[in-house]
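Asker: test case, fold it:
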Amino acid sequence: MIDDTIREIERQIQSSTIRDERRQELLKLLETLRTEVSNISETHAEQAESIAGFARVSAHEAFREEQDPRLRELSLEGFRSSVEGFEKSHPQLVQIVNSISHTLSNLGI
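Answerer: Numbers count the residues shown, from 1 in each chain. Reported below is the predicted structural model:
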C-alpha cells in the first residue's frame with residue numbers, strides 16, 4: 001500500500017503545472033521518502049502507513065484546482081506530526097517530511 005500511495009503522489013506531481021525545477025525537487029524528495037518509509041515499515045508498519053497517508057492527502061490538497069489554504073495547512077500539519085517521535089531514530093525521515101511539507105506549502109497554486 002505504501003508503494004501505491006507514493007506512486008499516486010508521483011502521478012500527481014508529474015501531471016501538475018508546477019515548474020520543472022520544483023517538480024524534479026519534489027520527485028527526488030519523494031524517492032527519499034519512499035526509502036525511509038520502507039525502512040521503518042518493517043518495525044513500525046502503522047506509523048509508516050500514517051506517514052504515507054498524510055503525504056497523499058497533503059499532495060492532494062497542494063495540487064487541487066480550487067485551493068483551500070486552511071485544508072492544505074491542516075494536511076501538512078498532519079504530515080509533519082506523523083513523524084513525531086522519529087527525530088532521534090530516523091532524522092533523515094523527519095528532514096525529508098519537513099522539506100516536502102515546506103515545498104508543498106510554498107507552491108501557492
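
Asker: what about the most centrally placed residue in the chain, which helix or strand?
Answerer: The centroid of the chain falls nearest to residue 55 when counting by CA atoms, centre = their mean (3.4 Å). Residue 55 belongs to helix 45-63 when assigned by DSSP states H and E.

Asker: quick check: buried residues in the helix of greatest length in the chain?
Answerer: With secondary structure taken from DSSP state H, the chain has its longest helix at helix 20-41. Within helix 20-41, the residues scored as buried using 16 or more other CB atoms under 10 Å are 25, 26, 29, 30, 33, 34, 36, 37, 40, 41. Placement of C-beta: from N, CA and C, glycine included.

Asker: same check, this time on stretch 91-105
Answerer: For stretch 91-105, by 16+ other CB under 10 Å, it's 93, 94, 96, 97, 99, 100, 101, 104.

Asker: what about the nearest residue to the last one once chain neighbours are set aside, neighbour count?
Answerer: Excluding its sequence neighbours, the residue lying closest to residue 104 (CB to CB, 6 or more residues apart in numbering) is residue 62, at 4.0 Å. Applying the criterion other CB atoms under 10 Å, we find 26 residues in the vicinity of residue 62.

Asker: gap between residue 62 and residue 99?
Answerer: 14 Å (CB to CB, to the nearest Å).

Asker: if we can go back for a sec, tell me the confidence at the residue nearest to residue 104?
Answerer: We have a pLDDT of 89 for residue 62.

Asker: before we move on, what about residue 17?
Answerer: 87.

Asker: distance between the ends of stretch 55-71?
Answerer: 13 Å (CA to CA, to the nearest Å).

Asker: that one: which residues count as buried?
Answerer: Applying 16+ other CB under 10 Å to stretch 55-71 flags 55, 56, 57, 58, 59, 61, 62, 63 as buried.
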